[in-house]
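Q: Sequence first, then the predicted structure:
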Amino acid sequence: KAIRRASMLSSALSLYLEMGYEQTHMVDIADGAGVSKGNLYRYFESKEALFLELLLEQLETWSDELTDRLALPGRMGFASAVASEISRSLCARPPLLELLALRSPVLEPRVHRDTLNRFRDRFGRALDAVSGQLVLSLPEIPPALAERLPLWTTALAAGLWSHRYAMPGDGSRPPARLQS
């Protein structure tokens with residue numbers, strides 16, 4: 001079951017990277033994963049729920065890698081090094097940035113409340129892991145600020161990402177093949 005689910009998510013990510021969100025359809029994801037469309041819907045209530053799961057996978061990977069890097073010796077107490085590491089780590093993940101940009105306007109409003117609550121719980125835990133490491137890595141800043149910084153940073157990065165490609169008035173999205 002876990003392998004099938006991973007295959008579905010892998011298919012969705014591949015299609016998304018190739019064609020973008022709007023052009024990625026559930027039937028194509030199912031075909032790519034070698035399952036029926038009905039079976040895909042047994043795992044994910046909607047395209048939006050599936051993409052929230054992709055966002056969580058991307059975010060949790062970023063969070064794990066960033067907390068590991070911030071915990072390296074020599075990172076403690078250097079705010080500029082920490083800021084550079086956060087910036088570098090986000091810029092290296094265009095799919096994460098694009099999915100973060102889709103989160104509020106497209107994905108969250110179109111899923112059931114239970115799905116949204118589960119998503120927000122996991123989202124918060126991923127950011128809390130980064131916050132916890134920031135408190136340790138930057139003892140010179142107030143813990144309350146370090147605890148909020150990951151949320152503010154990801155929100156700002158998503159907003160900047162979505163405006164990076166926008167053309168005035170046409171609502172265009174980033175190119176189908178996401179590149180940094």
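A: Structure's in. What do you need?
Q: check contacts around the nearest residue to residue 162 once chain neighbours are set aside.
A: Using C-beta to C-beta, 6 or more residues apart in numbering and skipping residues adjacent in sequence, the residue nearest residue 162 is residue 101, 3.9 Å away. Using the backbone N, CA and C atoms, a C-beta is placed for each residue, glycine as well. Contacts were defined as C-beta atoms under 8 Å, 6 or more residues apart in numbering; by that measure residue 101 touches 158, 159, 161, 162.
Q: Show me where the protein has its helices.
A: Assigned by DSSP state H, the chain shows helices spanning 2-19, 26-33, 37-43, 47-70, 79-91, 94-102, 113-137, 143-164.
Q: what separates the last one from the chain centre, distance-wise?
A: For helix 143-164, the distance between its averaged C-alpha position and the chain's averaged C-alpha position is 12 Å (C-alpha atoms, centre = their mean, to the nearest Å).
Q: Mind giving me the packing neighbours of it?
A: Packed against helix 143-164 by the contact rule (3 or more C-beta pairs under 8 Å, 6 or more residues apart in numbering; DSSP states H and E) you find helix 79-91, helix 94-102, helix 113-137.
Q: mind redoing it with 7 Å?
A: In terms of contacts (3 or more C-beta pairs under 7 Å, 6 or more residues apart in numbering; DSSP states H and E), helix 143-164 is packed against helix 94-102, helix 113-137.
Q: just the second one next, same as before
A: Packing partners of helix 26-33 (3+ C-beta pairs under 7 Å, 6+ apart): helix 2-19, helix 37-43.
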